[in-house]
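Participant: Predicted model follows, preceded by the sequence.
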Amino acid sequence: MDTYTFLGPEGTFTEMALLKVPGAAEAVRVPSVNAAAALAKVRSGECDAAMLPIENSVEGGVSATLDAIASGQALRIIREVIVPVSFVLAAQPGVDLGSVVRVGTHPHAWAQTRIWADRNIPNAEYIPVTSTGAAAHALVSGAPDYQAAICARPVAERLGLAILAENIEDNSGAVTRFVLVARPGALPEATGADKTTVAIPLPEDRPGALMEILDQFATRGVNLSRIESRPTGQFLGHYFFSIDADGHIAEARMAEALRALHRISPQIRFMGSYPRADAQVPEIPAHTTDRVFDQAQRWFDGLLAE
Ligand SMILES: O=C(O)C(=O)Cc1ccccc1
């Protein structure tokens, strides 16, 4: 049976995402304090896979995760999970809203509750915590320097905390996308509704390099669903692009795009091809289907054989 790690402790949104993976509820689940610690457990073999947040519909990419999977020993995304996120403000029973002067939570939870916080606790100071779950647990078993935590309702209830406010997210309907990351192995099979994630360092001092990169997808009819630039950390102005593209590496248009990208940026990192959580089949332009690529290849092989 697989052993999983996740951004813990128990009660985070990441744990909720992990529990949606078939078999994970019965498997061994080891909490980690951050993305780097979770991935270290996968790289060392202590755990088989790590569930981590990668993108939310309000804030965009989760830098800590994007950076941790894009560097170091190669890893692969093998699945994505989408979870609706709704937040509560929780405190020890007896604490009222008026006495909340500091609030502890994960940076992404704070970013998604700004409007509510500005209206209801405008003077409250934000204390960053490693996760929403950790912020809630500390109210019960630690001595945190905040009076209330922004977290998921189930963890607040399980810990016996009082709910001071609920549905405090700025955008109802916000979702967060999580990915399950494993050591390289057999790729998940193509389903026809897949995503491929790559990290592409931008070639230096090359006018139009980004356009050249994007063009490789565009000319092969590959749609992009996320593109993020992240500093490589090597020196100022050196960036890599983290990209999600519709399709599987087993499909000709994606394979051709990746081959071309390797010529432009040889340090490109393939981060995996895996089924889309929404199972939505992308529209493939007629001149970029596998059949058409195959016909072109046979035509070309014929020319050489003449
Ligand atoms: O802190 C958590 O519970 C997490 O899993 C990270 C997170 C924070 C805010 C929205 C979605 C995920």
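Facilitator: Here it is on my side, so go on.
Participant: okay, CA-based contacts and neighbour counts for the rest of this
Facilitator: Noted.
Participant: Check what pLDDT Ser57 gets.
Facilitator: Note for Ser57: predicted pLDDT of 79.
Participant: what residues are up against it?
Facilitator: By CA atoms under 8 Å, 6 or more residues apart in numbering, the contact set of Ser57 is Ala174, Val175, Thr176.
Participant: Also Leu304?
Facilitator: Leu304 neighbours (CA under 8 Å, 6+ apart): none.
Participant: Would you agree it falls within a strand?
Facilitator: No. Read with DSSP: H, G, I helix; E, B strand; the rest coil, Leu304 is helix and lies in no strand.
Participant: Looking at the contacts of Ser57, state which has the most neighbours.
Facilitator: Thr176 (23 neighbours; other CA atoms under 10 Å).
Participant: Which elements pack onto the particular helix or strand that has that residue in it?
Facilitator: If you go by DSSP states H and E, Thr176 is part of strand 175-182. The helices and strands touching strand 175-182, judged by 3 or more CA pairs under 8 Å, 6 or more residues apart in numbering; DSSP states H and E, are strand 49-56, strand 76-84.
Participant: rerun at 10 Å
Facilitator: Strand 175-182 sits against strand 3-7, helix 13-19, helix 35-44, strand 49-56, strand 60-61, helix 63-70, strand 76-84, strand 269-275, with contacts defined as 3 or more CA pairs under 10 Å, 6 or more residues apart in numbering; DSSP states H and E.
Participant: now the third one: mean pLDDT?
Facilitator: So the one you mean is helix 35-44. 96.
Participant: hmm, that helix in reach of the ligand?
Facilitator: No. Counting by CA under 6 Å from any ligand atom, the ligand has no neighbours in helix 35-44; the shortest distance is 10.2 Å.
Participant: starting at the chain centroid, how far to stretch 35-50?
Facilitator: 16 Å (CA atoms, centre = their mean, to the nearest Å).
Participant: tell me which residues of it are tucked away?
Facilitator: Buried residues in stretch 35-50, counted by 16 or more other CA atoms under 10 Å: 35-43, 47-50.
Participant: can the helix or strand of the chain with the lowest mean pLDDT be found next to the ligand?
Facilitator: When the helices and strands of the chain are scored by mean pLDDT, DSSP states H and E, strand 60-61 comes last with a mean of 79. No. Using CA under 6 Å from any ligand atom, strand 60-61 stays clear of the ligand, with a minimum separation of 10.9 Å.
Participant: Apart from its neighbours in sequence, what residue is nearest the residue nearest to the spatial centre of the chain?
Facilitator: The residue lying closest to the centre of the chain (CA atoms, centre = their mean) is Ile54, at 1.4 Å. By the measure of CA to CA, 6 or more residues apart in numbering, the closest residue to Ile54 outside its immediate chain neighbours is Val62, 4.9 Å from it.
Participant: From Asn56, how far off is the one you found?
Facilitator: 8 Å (CA to CA, to the nearest Å).
Participant: anything in contact with each of these two?
Facilitator: His108, Thr176, Arg177, Phe178 (CA atoms under 10 Å, 6 or more residues apart in numbering).
Participant: Which pLDDT does the model give the first one?
Facilitator: The pLDDT attached to His108 in the predicted structure is 92.
Participant: That one and Ile54 touch, don't they?
Facilitator: No. Judged on CA atoms under 10 Å, His108 makes no contact with Ile54 at a distance of 11.0 Å.
Participant: For Ala17, the count of nearby residues, please.
Facilitator: With other CA under 10 Å as criterion, Ala17 counts 24.
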